[in-house]
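> Pasting the sequence and the predicted coordinates here, then a few questions.
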Amino acid sequence: MFDSILIANRGEIACRVIRTARRLGLRSIAVFHHEDRHAPHVALADVAVELHADVPTAAYLDIAQLLDVAKREGAQCIHPGYGFLSENAKFAEAVEQAGLAFVGPQSEVIRLMGDKIHSREFAVKAGVPVSPSVKQEGDLDSFVEQAAKIGFPLLIKAAAGGGGKGMSIVRSVGELAARARTAMGEAERYFADGRVYAERYIERPRHIEVQVMGDGQGNVVHLFERECSVQRRFQKIIEESPAPNLPRELRDRICKAAVELAASAKYRNAGTVEFILAPDGEFYFLEMNTRLQVEHPVTEMVCGVDLVEAQLRVAAGEGLPWKQSDLKQTGHAIECRICCEEPEHDFRPATGAARLLRLPEGDGVRFDGGIRQGQAITAAFDSMVGKLICHAATRLEACDGIVRALDEFVLLGVSNNIDYLGQVLRHAAFRDGQLHTGFIAEHAADLAQPPLDDTDRAALLIAAALGVDDFRRLAYETPEPHASIGAWRN
Amino acid sequence: MALEYSFTLDGVEHGVSIAARQPELVLTVDGRAHQVAESGALNEECALLTVDGRRYQVWRTWEGNRIHLRIGNRSFSVGYEDAITAAQHHAGGDDTLRADMPGVVVAVNASAGAHVAAGDVLIVIESMKMQINIVAPREGTVETVHVAVNQTFDKGAQLISLHAEA
């Protein structure tokens, strides 16, 4: 095992990695931009070194400065976290060229999986299902004939397209030719390139992913699946493991496909293979994320493992810490991403300061945070400030537990999605496990906060009034015994 | 006693005032009376509040003229206009500025015939141990100063009048 580590990240994931590193006795070296000088990861690490950049995020993307700090502080390995340089093949390469261990996969595997077309072709070769699609290569008639074989509904897209132009959902063979002709015309007008392609259109798809861990020699184990279908703005907000209402046989096939893909790539370290699952049980490779995921804690909770420790052991050349038969799912874990944003305004990011912060407690409750009371939440970084996770014996108990924890969670001074997440977790369709990636849009009306009743609104205004110095003084100013309630903000 | 404090929730203004302090606290919200009891306040940020028999845990923090609260497991942000600003606003519609609460005059900065600009501090009063600036709501000429330094006045008393606009 190493005796020192540099964490090339910030926020909750930097804190998360530092905690395991410290537990294993590694000296932890944090980096930070000036804007983050009061951030928790700076305080938590054994050493913290400032990086310089005009734009705060640029500091965490500066390979030369990171390697310089690593050398000066004597780091033996670098953990990239997620985001920033975590899936940058050049960074992985530069770290290894500098004689340090990169806590992640080989740079060529990062490069392969980072390319949508190459990774898809690689998946096909590895025997992993990809969504059927047909490229238009000849005339309209031959395209229609080929496309019809995909089955319906299907989606026609402009090959050069984007923004929905030249895109059309076709539900029956009868309308295929006409729709294809329209799409080609639109594609020609908008992109000066009339070529189109067709792919299977999946209604109410689920996002199912598999955590894998490889040794770089072709040995790969999986740590089961995660369901990540509840998304807003194409980003996950609630993840869980195991996936609800997923037949065991189907789950096993999905996990097996993930292992086969990773083994074919001789994948090293932790990775995640993402799939789209159609309501008919067909599943298709989406992409492979070559890093630790935001949602890794749900896997840790149900499998009883520390994925960061496993990452460090693999990076140190100790090999895989488990055999497949060692790994079991116990109970159910749900994670909610706590984001500073305004759910009522299309989830736009919010800024402010965490003026009051009280974290929930309780059995099975875990908070992976990167926030302190008083800390400013600026537009410089991502709006996610932490993750609330609850582990319980059953899914409904985990739902109830995380709802209680969300209720207890006090984050005042900056708009956030805590109450909104509570609405989602309380929703009957969520509790039934009726999940798909359009869940938020489908239930938008139900998920809005209900109006306050008269007493609750009065209580809120009274609580506000009693928080105003002179109102409070008027309310409690002599005579006794009211005055004895105490001096507040004088 | 009927001094009303104004709070804004989701863009809607609400008035809160004290109806009775004994034998128990009664506050009116938008004209409706509610029985109020507070207990178990460990610190200024956390309190247990009972309103009409319903119990609430309240978390509170302040930011300028906003109060952020968590109550009934939901978070809100309430704007408030303190009595000072409210008094100024309420006086603003008239040519005569009046006291919204009893107090004493601390300073008089303008005399009859003086030309003043909107926002000029004309009189400083002290009410409830706070100094409050009475400012000119508009540009104009002072017609009458109704009070002098150290003079006490009652709620609603005339403080200063401007010439009616032409």
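Noted; the coordinates are in hand.

> The residue most central in space within chain A: what's it in contact with?
Ranked by distance to the mean C-alpha position of chain A (Cα atoms, centre = their mean), the top residue is A:V294 at 4.3 Å. Listed by Cβ atoms under 8 Å, 6 or more residues apart in numbering or on different chains, the contact set of A:V294 reads A:13, A:82, A:236, A:239, A:337, A:384, A:387. C-beta coordinates here come from the backbone N, C-alpha and C atoms, glycine included.

> Go again with 6 Å.
Contacts for A:V294 (Cβ atoms under 6 Å, 6 or more residues apart in numbering or on different chains) come out as A:Y82.

> Quick one: classify it as helix, strand or coil.
On the three-state scheme (DSSP: H, G, I helix; E, B strand; the rest coil), A:V294 is labelled coil.

> buried sites along stretch A:39-59?
A:39-42, A:44-45, A:47-49, A:51, A:56, A:59 (16 or more other Cβ atoms under 10 Å in any protein chain shown).

> so which two of those residues are the farthest from each other?
A:V47 and A:P56 (20.1 Å; Cβ to Cβ).

> Endpoints of stretch A:410-420, how far apart?
14 Å (Cα to Cα, to the nearest Å).

> how far does it sit from the chain's center?
Chain-centre distance of stretch A:410-420: 19 Å, with Cα atoms, centre = their mean, to the nearest Å.

> and if you look at stretch A:452-463?
36 Å.

> pretty sure B:I134 contacts B:I123?
Yes - counting by Cβ atoms under 6 Å, B:I134 does reach B:I123; the two are 4.2 Å apart.

> so what sits against both of these two?
B:L159.

> more crowded one of the two?
Using other Cβ atoms under 10 Å in any protein chain shown, the more surrounded residue of B:I134 and B:I123 is B:I134, with 27 against 22.

> Tell me if the more buried one really is in a strand.
Yes - counting by three-state DSSP, B:I134 is located in a strand.

> who are the neighbours in contact with it?
Contacts of B:I134 (Cβ under 6 Å, 6+ apart): B:97, B:122-123, B:159.

> what about it, distance to chain A?
Going from B:I134 to chain A by Cβ to the nearest Cβ, to the nearest Å gives 17 Å.

> just the residues of chain B that are near chain A, which are they?
B:5, B:7, B:14, B:16, B:18, B:27, B:29, B:34, B:36, B:44-45, B:49, B:51-52, B:54, B:56, B:58-61, B:67-74, B:76, B:78, B:80, B:128 (Cβ under 6 Å from any Cβ of the partner chain).

> Report the helix or strand with the lowest average pLDDT across chain B.
helix B:83-91 (a mean of 55; mean pLDDT, DSSP states H and E).

> That helix: what's the following helix or strand?
strand B:96-98 (DSSP states H and E).

> Quick one: mean pLDDT over that following strand.
Strand B:96-98 carries an average pLDDT of 85.

> And stretch A:77-96, by the same measure?
Rounded mean pLDDT across stretch A:77-96 is 97.

> Any idea how far apart the tips of it sit?
Span of stretch A:77-96 from end to end, Cα to Cα: 9 Å.

> ok, residues contacting it?
A:2, A:5-9, A:13, A:17, A:60-61, A:63, A:70, A:100-104, A:107, A:110-111, A:114, A:290-292, A:294, A:315.

> and these, which are buried?
A:2, A:5-9, A:13, A:17, A:60-61, A:63, A:70, A:100-104, A:107, A:110-111, A:114, A:290-292, A:294, A:315.

> Give me the subset of those lying in helices.
For those, the ones inside helices are A:13, A:17, A:63, A:70, A:107, A:110-111, A:315, with DSSP state H as the criterion.

> Now tabulate those residues in JSON lines and tack on pLDDT and distance to A:P343.
Below are these laid out as JSON lines (pLDDT from 0 to 100; distance: Cβ to Cβ, whole Å):
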{"residue": "A:I13", "pLDDT": "98", "distance to A:P343": "23"}
{"residue": "A:V17", "pLDDT": "98", "distance to A:P343": "29"}
{"residue": "A:I63", "pLDDT": "97", "distance to A:P343": "36"}
{"residue": "A:A70", "pLDDT": "98", "distance to A:P343": "40"}
{"residue": "A:S107", "pLDDT": "97", "distance to A:P343": "39"}
{"residue": "A:I110", "pLDDT": "97", "distance to A:P343": "34"}
{"residue": "A:R111", "pLDDT": "96", "distance to A:P343": "37"}
{"residue": "A:A315", "pLDDT": "98", "distance to A:P343": "38"}
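
> domains in chain A, as residue ranges please.
A:4-103, A:132-200, A:206-447 (automatic domain parsing).

> How many residues are close by residue 79?
No chain specified, so I'll use chain A. Residues near A:H79, counting by other Cβ under 10 Å: 30.

> try again with chain B
Residues near B:G79, counting by other Cβ under 10 Å: 16.

> what about A:H391, distance to B:H146?
According to Cβ to Cβ, to the nearest Å, A:H391 and B:H146 sit 71 Å apart.

> In terms of neighbours, single out the busier of these two.
Neighbours were tallied for A:H391 and for B:H146 using other Cβ under 10 Å; the higher tally belongs to A:H391 (25 against 18).

> mean pLDDT for the domains of chain A: which is lowest?
domain A:132-200 (a mean of 86).

> Now do that domain: distance to the chain's middle.
32 Å.

> residues in chain A within reach of chain B, list them.
Counting by Cβ under 6 Å from any Cβ, the residues of chain A near chain B are A:355-356, A:407, A:410, A:412-413, A:419, A:455-456, A:458-465, A:467-468, A:470-471, A:474-475, A:488-489.

> which of these count as buried?
Going by neighbour count (16+ other Cβ under 10 Å), the residues of chain A next to chain B have A:355-356, A:407, A:410, A:412-413, A:419, A:455-456, A:458-465, A:467-468, A:470-471, A:474-475, A:488 buried.

> B:V16: what's it in contact with?
By Cβ under 6 Å, 6+ apart, the neighbours of B:V16 are A:461, A:465, B:5, B:27, B:29.

> Walk me through the domains of chain B.
B:3-80, B:95-163.

> Show me the contacts of B:V16 that map onto strands.
Using DSSP state E, the subset of those located in strands is B:5, B:27, B:29.

> Is the last one in contact with A:L461, as I believe?
Yes - between B:V29 and A:L461 there is a contact at 5.1 Å, judged by Cβ under 6 Å.

> Starting from the longest strand anywhere in chain A, tell me which strands it pairs with and how they run.
Secondary structure of chain A per DSSP E: the longest strand is strand A:220-232. In the sheet, strand A:220-232 lines up against strand A:206-215 (antiparallel), strand A:235-241 (antiparallel) (DSSP bridges).

> from the middle of its chain, how far away would the first one be?
Yep, that's strand A:206-215 we're talking about. 13 Å.

> CA atoms of it as PDB?
The C-alpha trace of strand A:206-215 is given here as PDB (Å, rounded to 0.1, in the frame of the first residue of the first chain):
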ATOM      1  CA  ARG A 206     -34.700   2.900 -17.200                       C
ATOM      2  CA  HIS A 207     -31.100   3.700 -16.500                       C
ATOM      3  CA  ILE A 208     -29.400   0.700 -14.900                       C
ATOM      4  CA  GLU A 209     -25.700   0.600 -14.400                       C
ATOM      5  CA  VAL A 210     -23.200  -1.900 -13.000                       C
ATOM      6  CA  GLN A 211     -20.300  -1.300 -10.700                       C
ATOM      7  CA  VAL A 212     -17.200  -3.300 -11.800                       C
ATOM      8  CA  MET A 213     -13.700  -3.600 -10.500                       C
ATOM      9  CA  GLY A 214     -10.900  -5.000 -12.600                       C
ATOM     10  CA  ASP A 215      -7.200  -5.900 -12.000                       C
END
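
> can you tell me how far the spatially closest residue to A:G214 that is not a sequence neighbour sits from chain B?
Leaving aside its sequence neighbours, A:G214 sits nearest to A:Y267 (Cβ to Cβ, 6 or more residues apart in numbering or on different chains; 3.7 Å). Look at A:Y267 and chain B: by Cβ to the nearest Cβ, they are 43 Å apart.

> go on, A:V259?
Distance from A:V259 to chain B, by Cβ to the nearest Cβ: 42 Å.

> same deal with A:S383?
16 Å.
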